[in-house]
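Undergrad: sequence unknown, structure follows:
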């Protein structure tokens with residue numbers, strides 16, 4: 001497996017880990033009982049939203065931001 005393949009595997013593992021951590025928060029945090037299925041759906045949705053926002057911010061700071069000029 002090349003360097004690119006290993007990077008892709010680590011990226012996917014990071015996303016899966018983040019989804020599982022958010023799912024754990026959704027299971028433990030509420031006062032009432034939340035089914036694991038619903039917590040997993042919420043965890044995956046929150047992770048996808050997080051990744052979209054993260055990529056948008058990386059694109060913005062790389063292309064449009066003038067922070068480094070100040």
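TA: All right, it came through fine. Quick caveat, the model's predicted, so the values are computed rather than measured.

Undergrad: which of the helices and strands in this protein ranks last by mean pLDDT?
TA: In the chain, the helix or strand scored least confidently by mean pLDDT, DSSP states H and E is helix 3-28, which has a mean of 93.

Undergrad: tell me which residues in the next helix-or-strand element following that one are buried?
TA: The element immediately downstream of helix 3-28 (helix or strand, assigned by DSSP states H and E) is helix 36-63. Buried residues in helix 36-63, counting neighbours by 16 or more other C-beta atoms under 10 Å, are found at 39, 40, 42, 43, 44, 46, 47. Heads up, the C-betas are built off the backbone N, CA and C, glycines and all.

Undergrad: same check, this time on stretch 14-21
TA: Result for stretch 14-21 [16+ other C-beta under 10 Å]: buried residues 18, 19.

Undergrad: contacts for it next, please.
TA: 40, 43, 44, 46, 47, 50, 51 (C-beta atoms under 8 Å, 6 or more residues apart in numbering).

Undergrad: so what's residue 12 up against?
TA: Residue 12 neighbours (C-beta under 8 Å, 6+ apart): none.

Undergrad: from residue 65, how far off is it?
TA: Look at residue 12 and residue 65: by C-beta to C-beta, to the nearest Å, they are 28 Å apart.

Undergrad: likewise for residue 11?
TA: Taken as C-beta to C-beta, the span from residue 11 to residue 65 is 24 Å.

Undergrad: thinking again about what came up before, pLDDT and distance to residue 5 added to the buried residues of helix 36-63, as JSON lines?
TA: Output for those, formatted as JSON lines (pLDDT from 0 to 100; distance: C-beta to C-beta, whole Å):
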{"residue": "39", "pLDDT": "96", "distance to residue 5": "31"}
{"residue": "40", "pLDDT": "96", "distance to residue 5": "27"}
{"residue": "42", "pLDDT": "96", "distance to residue 5": "31"}
{"residue": "43", "pLDDT": "96", "distance to residue 5": "26"}
{"residue": "44", "pLDDT": "97", "distance to residue 5": "24"}
{"residue": "46", "pLDDT": "97", "distance to residue 5": "27"}
{"residue": "47", "pLDDT": "97", "distance to residue 5": "22"}
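
Undergrad: so which of these comes closest to residue 7?
TA: residue 47 (18.7 Å; C-beta to C-beta).
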